[in-house]
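Colleague: model the structure of this input:
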Amino acid sequence: MSHDALPAPLAARAGSALTGRIRVPGDKSISHRSLMFGAVSLGETRIEGLLEADDVLATGRAMAALGATVTRDGEGAWRVGGLGCGGLLEPEGVLDFGNAGTGSRLTMGLVGGHAIAATFVGDASLSRRPMGRVLNPLREMGVEVIARAGDRLPLTLRGPKTPTPITYRVPMASAQVKSAVLLAGLGAPGVTTVIEAVATRDHTERMLQGFGAALSVEIGVAGERIIRLEGRPELKAQHVVVPGDPSSAAFAVVAGLIVPGSDVTVENVLLNPQRTGLFQTLVEMGADLAIENERLSGGERVGDVHVRASRLKGVVVPPERAPSMIDEYPILAIAAAFAEGPTVMEGLEELRVKESDRLAAVARGLEANGVACTEGEASLVVEGLRAGVRIGGGRVATHLDHRIAMAFLVLGMAADAVVTVDDTTMIATSFPSFRGLMEGLGAEFVEA
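Modeller: Here you go, the predicted model:
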């Protein structure tokens, strides 16, 4: 998606039941990391099932700009010729990440572990997002940061000749901050330690171990996760098979639950325990949801998620579950709109600093479509179904946020009136096949 793409509004309306089996694109988190770890490994990493969306492709271009060879072969797999740990080269131009928050923040860690300089730029949405949470620990490791006020893009990093290994207690639940520190630690002599009070998605730890890093994880006396990484390892190229993204699967899953008569299966979905909070919450809400064909693939649990239309009830979602479903709260709010009774979501402060202020965007979208809700500083209460109140008929401001766009299109699939979103171009950043897959299940979209 180009930075100046014209908006493409779209509307969704209720139609027949959704039925069928689909496969969503590869997991976004694993796709980003596969390209990065391949770039700093020795040999050629082959990646099957890479998410070919704008965000991930931006990361691929950045790795190529840093000296790795990144190509797509005739079988649809991606090959990354790595430079080894510490081997990245100073790019000739800027690293343009478009809308990719994960790609930009993790690459800042990689660059910070090398004695090179690189300038990071992005689109309007990414340029509004705070980077200080990543830059502050990098500064402790000796990285020079040249940034405008508020530590936002565009900015330039210059890594030190010898990064300082640090012990860093992550002040918020953020897999991106944890990962950036660990990636910078690859270039530091000695042991870099990251402590997180609340467990976040652990793809970085799992994959670094898979590529040959000496990395250990233990649980401290207070229940915190203590991650230790020995710097300057010899990482070796791997064959990576990327499972389906649970954050993308969530849209079809919720649609299958709220559209009457539906029966939907999403195949080959990643079931990492740090990514399945939404599925757990939906079951608590009374969803007819089953995991089938569960198996191990590349060290990760995967399976098929089978749902049937269900009568949902409101629940209280515990705040400690937020890290395992942080990207799924917009679509959970849609499920909650069709539940009986209120659904209470807390611990949502991280939603304020996503592609948009997602908490505010979700609340305004719900209100525009007749769904009562209460927005707190870090909470959202969705009142659910109310007698005599019609859902739908509104136009939703997406604020360049792909998950807001997709979530409210799902709302329209079960609403009493058409729901319109003001733009869908940014859906390509994470789920370019969203419309085609949903239409294949029976969803009805109309140009707005």
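Colleague: contacts only, for the closest residue to Pro233 other than its chain neighbours.
Modeller: Leaving out its chain neighbours, the residue that sits closest to Pro233 by C-beta to C-beta, 6 or more residues apart in numbering is Ala213, at 4.6 Å. Any C-beta I mention is one placed from the backbone N, CA and C, and that applies to glycine too. Neighbour list for Ala213: 186, 229-230, 233, 235 [criterion: C-beta atoms under 8 Å, 6 or more residues apart in numbering].
Colleague: please apply the same query to Ala361.
Modeller: Per C-beta under 8 Å, 6+ apart, neighbours of Ala361: 330, 397-399, 401, 404.
Colleague: helix, strand, or coil at it?
Modeller: helix (DSSP: H, G, I helix; E, B strand; the rest coil).
Colleague: which residues in the stretch 201-350 of the chain form helices?
Modeller: Under the criterion DSSP state H, counting those that start in this stretch, helices of the stretch 201-350 of the chain are mapped to 203-210, 246-258, 277-284, 329-337.
Colleague: make CSV out of these and add mean neighbour count and distance to Leu312.
Modeller: Below are those laid out as CSV (neighbours: other C-beta atoms under 10 Å; distance: least, C-beta to C-beta, whole Å):
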stretch, mean neighbour count, distance to Leu312
helix 203-210, 21, 30
helix 246-258, 27, 7
helix 277-284, 20, 8
helix 329-337, 28, 6
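Colleague: closest one to Gly299 among the ones you listed?
Modeller: helix 203-210 (6.1 Å; C-beta to C-beta).
Colleague: quick one: closest of the helices of the stretch 201-350 of the chain to Ser297.
Modeller: Going by C-beta to C-beta, the one of those nearest Ser297 is helix 203-210, 12.3 Å.
Colleague: which helices and strands sit right next to the closest one?
Modeller: Contact analysis of helix 203-210 by 3 or more C-beta pairs under 8 Å, 6 or more residues apart in numbering; DSSP states H and E lists helix 28-39, helix 175-185, strand 215-219 as its packing neighbours.
Colleague: report all helices and strands that the longest one contacts.
Modeller: In this case it means helix 28-39. Helix 28-39 packs on strand 44-48, helix 54-65, strand 78-81, helix 101-112, helix 175-185, helix 203-210, strand 239-241, going by 3+ C-beta pairs under 8 Å, 6+ apart.
Colleague: now for the fourth one, which elements pack on it?
Modeller: Contacts defined by 3+ C-beta pairs under 8 Å, 6+ apart place helix 101-112 against helix 28-39, helix 54-65, strand 117-121, helix 132-140, strand 152-158, helix 175-185.
Colleague: of all these, which lies closest to Thr107?
Modeller: Among the helices and strands packed on helix 101-112, helix 54-65 sits nearest to Thr107 (C-beta to C-beta), with 5.5 Å.
Colleague: residues touching the closest one, excluding its own?
Modeller: 1, 28, 31-32, 35-36, 38-39, 50, 70, 78, 80, 91-93, 95-100, 102-103, 107, 428-430, 432.
Colleague: would you mind checking the residues you listed for buried ones?
Modeller: 1, 28, 31-32, 35-36, 38-39, 50, 70, 78, 80, 91, 95-100, 102-103, 107, 428-430, 432 (16 or more other C-beta atoms under 10 Å).
Colleague: can you list the helices of the stretch 201-350 of the chain in JSON lines and add distance to Gly220 and mean pLDDT?
Modeller: Output for the helices of the stretch 201-350 of the chain, formatted as JSON lines (distance: least, C-beta to C-beta, whole Å; pLDDT from 0 to 100):
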{"stretch": "helix 203-210", "distance to Gly220": "15", "mean pLDDT": "95"}
{"stretch": "helix 246-258", "distance to Gly220": "28", "mean pLDDT": "98"}
{"stretch": "helix 277-284", "distance to Gly220": "23", "mean pLDDT": "98"}
{"stretch": "helix 329-337", "distance to Gly220": "28", "mean pLDDT": "98"}
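Colleague: make JSON lines out of those and add distance to Val381.
Modeller: Output for the helices of the stretch 201-350 of the chain, formatted as JSON lines (distance: least, C-beta to C-beta, whole Å):
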{"stretch": "helix 203-210", "distance to Val381": "31"}
{"stretch": "helix 246-258", "distance to Val381": "18"}
{"stretch": "helix 277-284", "distance to Val381": "15"}
{"stretch": "helix 329-337", "distance to Val381": "9"}
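Colleague: the strands in the stretch 251-400 of the chain, which residues?
Modeller: Along the stretch 251-400 of the chain, counting by DSSP state E, counting those that start in this stretch, strands occupy 263-270, 288-297, 300-308, 316-317, 343-346, 373-375, 379-382, 395-396.
Colleague: I'd like those as TSV, with mean pLDDT, distance to Arg23 and mean neighbour count appended.
Modeller: Conversion of these to TSV gives the following (pLDDT from 0 to 100; distance: least, C-beta to C-beta, whole Å; neighbours: other C-beta atoms under 10 Å):
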stretch	mean pLDDT	distance to Arg23	mean neighbour count
strand 263-270	97	5	23
strand 288-297	94	12	13
strand 300-308	95	9	21
strand 316-317	98	28	20
strand 343-346	98	29	22
strand 373-375	98	33	16
strand 379-382	98	30	22
strand 395-396	98	27	20
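Colleague: export those as CSV, with columns for distance to Met207.
Modeller: Below are those laid out as CSV (distance: least, C-beta to C-beta, whole Å):
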stretch, distance to Met207
strand 263-270, 13
strand 288-297, 13
strand 300-308, 10
strand 316-317, 28
strand 343-346, 30
strand 373-375, 36
strand 379-382, 32
strand 395-396, 36
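Colleague: can you tell which of those strands is closest to Met141?
Modeller: Nearest of the strands of the stretch 251-400 of the chain (C-beta to C-beta): strand 300-308, 29.5 Å.
Colleague: what pairs with the closest one, parallel or antiparallel?
Modeller: Strand 300-308 has these partner strands in its sheet, going by DSSP bridges: strand 263-270 (antiparallel), strand 288-297 (antiparallel).
Colleague: which of the contacts of Ala361 ranks first by neighbour count?
Modeller: Pro330 (30 neighbours; other C-beta atoms under 10 Å).
Colleague: how near is the closest residue to that residue other than its chain neighbours to Gln274?
Modeller: Closest residue to Pro330 apart from its sequence neighbours, by C-beta to C-beta, 6+ apart: Ala407 at 3.9 Å. Separation of Ala407 from Gln274 (C-beta to C-beta, to the nearest Å) stands at 21 Å.
Colleague: hey, what's Val446 bridged with?
Modeller: Ala11.
Colleague: and if you look at Ile146?
Modeller: With DSSP bridges applied, Ile146 shows beta-bridge pairing to Thr156.
Colleague: contacting residues for the closest residue in space to Glu292 that isn't next to it in sequence?
Modeller: Beyond its immediate neighbours in the sequence, the residue positioned closest to Glu292 (C-beta to C-beta, 6+ apart) is Asp304, lying 4.5 Å away. The contact partners of Asp304, by C-beta under 8 Å, 6+ apart, come to 21, 265-269, 291-293.
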